[in-house]
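# please work out how this folds:
(chains A and B)
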2 protein chains.
Amino acid sequence: MSSPDFDDDFRARLHELFVWRRDVRRFRRDALSEGALERLIGTACLSPSVGLSQPWRFVIVDDAVRRQAVLDNFTRCNADALNDYSGELAQRYATLKLAGLREAPCHLAVYADHGTEVGHGLGRRTMPEMADYSVVAAISTLWLAARAEGIGMGWVSILDPADVATALDVPADWRLIGYFCIGYPQTEADSPELERVGWEQRRPVADHIVSR
Amino acid sequence: MSSPDFDDDFRARLHELFVWRRDVRRFRRDALSEGALERLIGTACLSPSVGLSQPWRFVIVDDAVRRQAVLDNFTRCNADALNDYSGELAQRYATLKLAGLREAPCHLAVYADHGTEVGHGLGRRTMPEMADYSVVAAISTLWLAARAEGIGMGWVSILDPADVATALDVPADWRLIGYFCIGYPQTEADSPELERVGWEQRRPVADHIVSR
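Model prediction:
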């Protein structure tokens, strides 16, 4: 296959994709089409990984009891989180919708396999966390590929990873990277929901760059 | 702005972008055009971040003495890594080119600011590592945007992060996520270099999926 020549039109559309990718918490209940999730996972596996270790492990969670355990876990952790805030921030936190676990048709837990010998450890000696980062790169790929099909993803991190591991019965040397709600979003937006509701605002790019 | 409607043609090109994104270690010496790196960093900042915390800190490394310190760091860590292998793997490791630090026109260190209060801690209580993952998501965005312009990136993880922090004089509560070589690649490829040279091979997608 000869190397593709990406043009200005593609780059403009790609930029729109970055602008319109959201962390989605409000889902319609429609199921994805048969095989869509597996296909998106296949695309995610095109991502680069440290030493070609491919440490990503995708756990498709369909069982209602397991899903309920994750929802209970979230509810508990979210209540604990609310207790950490006070005053106006607490009031505002209490109004936020931070996950779509009840409505989203797909639940996906993504793990990094810390026990894999694939890749022969290359690139992980001084920075073993690279395995986790490779999994995040795959998640980022999945997220963009999904959005390009009109499918939304929401990353749920308000969870106790040990309890998720128990609920999903995964190997002890797998580390939870993220738990995801996936489905069609109720609305599209080109700005983060946390900005629209006044929780936080985006800062100028220049604030994030230093020169050395 | 109304929501974009991505079509089959865009999705096919996006898939090609995922297929042709490589971890690049062989760079031409040509400089990027003026402002290109800053523009790509601006695109990276469109990424989602936990609690809208935007913890990414981009350190553009131009100083020759600092660059040399990072190269020395890599050379030392890579020699240590070689010592961990024996037999045929050691011979093969010794032939690998794992970084383009000498040739790449741009050096970019990317950090997660663990001290930031932006986002008010939302989403980081039970999984504080989410800040690091947000930075990886931004790196993934930068990587794709760069490749769409014909610019290659290589992720260097064979480094002692403490020594990088000293060389770059960054705040103590910044955590190194990755050090990147950026520039025009000598060649394009649709398969990983580590696969082409026989270090490791890509596994079937189905090996990475489990159902629960």
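# now do the buried residues in the longest helix seen in chain A.
Assignment by DSSP state H gives helix A:64-84 as the longest helix of chain A. Residues of helix A:64-84 classed as buried: A:66-67, A:69-71, A:73-74, A:77-78, A:81 (neighbour count, 16 or more other Cβ atoms under 10 Å in any protein chain shown). C-betas here are computed from N, CA, C, even on glycine.
# among these, which are within reach of chain B?
A:66, A:77, A:81 (Cβ under 8 Å from any Cβ of the partner chain).
# chain neighbours aside, what residue packs nearest to the first one?
Taking Cβ to Cβ, 6 or more residues apart in numbering or on different chains, and ignoring the residues beside it in sequence, A:R66 has A:A167 as its nearest neighbour in space, at 5.2 Å.
# and for the second one?
The spatial neighbour of A:C77 that comes closest, neighbours along the chain excluded (Cβ to Cβ, 6+ apart), is A:I158 at 4.8 Å.
# after the lengthiest strand in chain A comes which helix or strand?
What stands out as the longest strand in chain A, according to DSSP state E, is strand A:174-183. As assigned by DSSP states H and E, the chain's next helix or strand after strand A:174-183 is helix A:193-196.
# now tell me what touches that next one from outside.
With Cβ atoms under 8 Å, 6 or more residues apart in numbering or on different chains as the test, helix A:193-196 has contacts from A:22-23, A:25, A:96, A:189, A:200-202, B:51-52, B:119, B:122.
# I'd like the average pLDDT over it.
Helix A:193-196 shows a mean pLDDT of 95.
# buried ones in whichever helix or strand comes after that helix?
As assigned by DSSP H and E, the chain's next helix or strand after helix A:193-196 is strand A:209-211. By neighbour count on 16+ other Cβ under 10 Å, the buried set for strand A:209-211 is A:209-210.
# quick one: average pLDDT of strand A:209-211?
pLDDT averaged over strand A:209-211 gives 97.
# repeat for stretch A:47-55
For stretch A:47-55, the per-residue pLDDT averages 97.
# and it, anywhere near chain B?
Yes: against chain B, stretch A:47-55 shows contacts by Cβ under 8 Å from any Cβ at A:47-48, A:50-54.
# tabulate those (TSV), appending neighbour count, secondary structure and distance to A:V61.
Converted to TSV, the residues of stretch A:47-55 next to chain B look like this (neighbours: other Cβ atoms under 10 Å in any protein chain shown; DSSP: H, G, I helix; E, B strand; the rest coil; distance: Cβ to Cβ, whole Å):
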residue	neighbour count	secondary structure	distance to A:V61
A:S47	21	coil	22
A:P48	21	coil	26
A:V50	26	helix	26
A:G51	24	helix	29
A:L52	22	helix	28
A:S53	24	coil	24
A:Q54	26	coil	21
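# would you check that A:S157 makes contact with A:I177?
No: with contacts counted by Cβ atoms under 8 Å, A:S157 stays clear of A:I177, the gap being 9.6 Å.
# which stretches of chain A have low pLDDT?
Residue ranges of chain A with pLDDT under 70: A:1.
# any idea which residue sits dead centre in it?
Centroid-nearest residue in chain A: A:W155, 3.9 Å away (criterion: Cα atoms, centre = their mean).
# gap between it and A:S140?
10 Å (Cβ to Cβ, to the nearest Å).
# what's the answer for A:F27, then?
Noted for A:F27: a distance of 20 Å to A:S140, by Cβ to Cβ.
# and what of A:L108?
A:L108 is 14 Å from A:S140, by Cβ to Cβ.
# and A:R13, by the same measure?
18 Å.
# who has more neighbours out of those two?
Neighbours were counted for A:R13 and for A:S140 using other Cβ atoms under 10 Å in any protein chain shown; A:S140 has more, 24 against 19.
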